[in-house]
Every structure is written in C-alpha cells, then in structure tokens.
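K.L.:
build the 3D model from these lines:
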Amino acid sequence: MTAATDLPACIEMQTAAAPTHAVIWLHGLGADGNDFAPIVPELGLQGAPAVRFVFPHAPVMPVTINGGMPMRAWYDILVTDLVRREDEAGVRRSETVIRGLIARENARGIPASRIVLAGFSQGCAMALHTGLRYPERLAGLIGLSGYLPLAASFETERAPANAETPILLAHGTYDPVVALPRAEAALAQLRAAGHPVQWQTYPMPHAVCPQEIADIGAFLRRVLVP
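P.N.:
Down below sits the predicted model:
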C-alpha cells in the first residue's frame, strides 16, 4: 500500500459539502491536475449526490518519444504507436499510486463502490489499467482519448469485482496522438471480455468537446447513485 506521504499533490473540488462519492481524474502526458478541473461546473451534476473531484499531478520524468524532455507523465512513452514497446514498470508504479488515492478516499468515508476513475489520454490508459484490475467494485470508469495498456496481460489480471462496472469510452475521430484504431482495439477487447462499454466518438482531434462533456455528465449522473 502506498503511504499517504507518497501520494501526489492533488487539486480537489466538491460539488457540495460532505461528499459521499468521488471522481479521481487523471490528466494526460505533459499536463497536470489543473487540466480538467474547469469542466466540473459544466457537468450538470445538480441534484446528484455530493462529489469530491480529485485531480492528481503525475510525477515529472523524462519521456522518450519527446527526446527525453522531462514532463509530467504517469509512465514513459517509448514508441509512437504506444503499444509495441511499453513501460510496464512505470504503468504498474502508477497503478500503485492510484490505488493509494482510492484508499485515501476510503479513509475519508467513501467506499470503492462510490468512486469513479476517469482519465484523458495517458490518464485514460491508467484509469482503465487500474480500474479493471482493482479487487473491489468501482462505481464506473471513464476513458477519454486513450487506449488499454499492457493489453496482453488484461485477460489474466482483470478483477471479477469490476466485470460489470459501467465504462464510458470516448474518442475524437481526427485524433492524431492516439489514433482512433487504438481506442477501437481497446473497445473490442473489453466488449469481447463481457465488459459493459458505452462508446462515443466526436468529430474532433486529441481534445474534449461540449457534447463529450455533456455525455460525461450524463454518465456520472447514472453511476453516482446514493
């Protein structure tokens, strides 16, 4: 278990006092926890249970595909196709950190069944990797403009507890960073394994659009139940 002192700094926002639910939202490569905090008021969660949004900052590390430039990253990216060679040690290290963030919410009175893991791009990869392997049922998973890392070990490592956890996958049809077929491969693998996946595409690049934000809000209202 990751000690509380080892957890990353986080931005936190609450939709109301005394939150009973939480959304842990993981940013993409080179961004930080500030990236998605501004969309919280746009999600339309009025009337939903009180939610704590947690936006952690990934550590700064050299990233191979960017010439070794240090930036915030959940793991190293070794090749442009993302999956031919993967930083397995980095992915699993960040999985431990994210489990620690879930444990911290548990300690604050929010059980795993009321926690959603969400992420964009590299954060999407970590949300899917961690959530599908987590031993307790989560409320939901949101993967935006990303893919499924370490796909070869998914079938043997996925947790029965999250076999029926709702998943929202969303992607831009003009994404030049994480190509649409990479996300479609994740969708196919998840559905083949029986996971309930809501799939949305939008005519956009590696970004977020207003309709996607509305769809995320609708998904959260559905899974964040009292």
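K.L.:
can you give me the strands in the chain?
P.N.:
Here the chain has its strands, by DSSP state E, at 10-14, 21-26, 51-56, 60-63, 69-72, 115-120, 140-144, 167-172, 197-202.
K.L.:
can I get the ones you listed in CSV including distance to residue 37, mean pLDDT and mean neighbour count?
P.N.:
Placement of C-beta: from N, CA and C, glycine included. Output for those, formatted as CSV (distance: least, CB to CB, whole Å; pLDDT from 0 to 100; neighbours: other CB atoms under 10 Å):
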stretch, distance to residue 37, mean pLDDT, mean neighbour count
strand 10-14, 5, 96, 15
strand 21-26, 8, 98, 28
strand 51-56, 5, 98, 23
strand 60-63, 19, 96, 15
strand 69-72, 15, 96, 14
strand 115-120, 12, 98, 27
strand 140-144, 15, 98, 27
strand 167-172, 19, 98, 25
strand 197-202, 21, 98, 16
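K.L.:
output those strands as JSON lines; include the columns distance to residue 214.
P.N.:
Below are the strands of the chain laid out as JSON lines (distance: least, CB to CB, whole Å):
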{"stretch": "strand 10-14", "distance to residue 214": "19"}
{"stretch": "strand 21-26", "distance to residue 214": "16"}
{"stretch": "strand 51-56", "distance to residue 214": "17"}
{"stretch": "strand 60-63", "distance to residue 214": "32"}
{"stretch": "strand 69-72", "distance to residue 214": "28"}
{"stretch": "strand 115-120", "distance to residue 214": "15"}
{"stretch": "strand 140-144", "distance to residue 214": "13"}
{"stretch": "strand 167-172", "distance to residue 214": "11"}
{"stretch": "strand 197-202", "distance to residue 214": "10"}
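K.L.:
so for residue 41, which of the ones you listed sits nearest?
P.N.:
Nearest of these to residue 41, taken as CB to CB: strand 10-14 at 8.9 Å.
K.L.:
distance from stretch 208-219 to the middle of the chain?
P.N.:
When distances are taken as CA atoms, centre = their mean, to the nearest Å, stretch 208-219 is centred 15 Å away from the chain's centroid.
K.L.:
pull out the buried positions in that stretch.
P.N.:
Residues of stretch 208-219 classed as buried by neighbour count (16 or more other CB atoms under 10 Å): 208, 212, 215, 216, 217, 219.
K.L.:
from residue 82, how far off is residue 214?
P.N.:
28 Å (CB to CB, to the nearest Å).
K.L.:
kindly report the same for residue 96.
P.N.:
Relative to residue 82, residue 96 is positioned 21 Å away (CB to CB).
K.L.:
out of those two, which sits in the more crowded spot?
P.N.:
When residue 96 and residue 82 are compared on other CB atoms under 10 Å, the one with more neighbours turns out to be residue 82, at 19 against 12.
K.L.:
wait, that one touches residue 185, no?
P.N.:
No: Residue 82 lies out of contact with residue 185 (CB atoms under 8 Å); the separation is 10.5 Å.
K.L.:
what are the bridge partners for the nearest residue to residue 12 once chain neighbours are set aside, then?
P.N.:
Of all residues not flanking residue 12 in the chain, residue 54 sits nearest, at 5.6 Å (CB to CB, 6 or more residues apart in numbering). Beta-bridge pairing for residue 54 (DSSP bridges): residue 12, residue 24.
K.L.:
contact partners for residue 54?
P.N.:
10, 11, 12, 22, 23, 24, 25, 101, 105 (CB atoms under 8 Å, 6 or more residues apart in numbering).
K.L.:
isn't residue 226 right up against residue 48?
P.N.:
No: counting by CB under 8 Å, residue 226 does not reach residue 48; the two are 9.2 Å apart.
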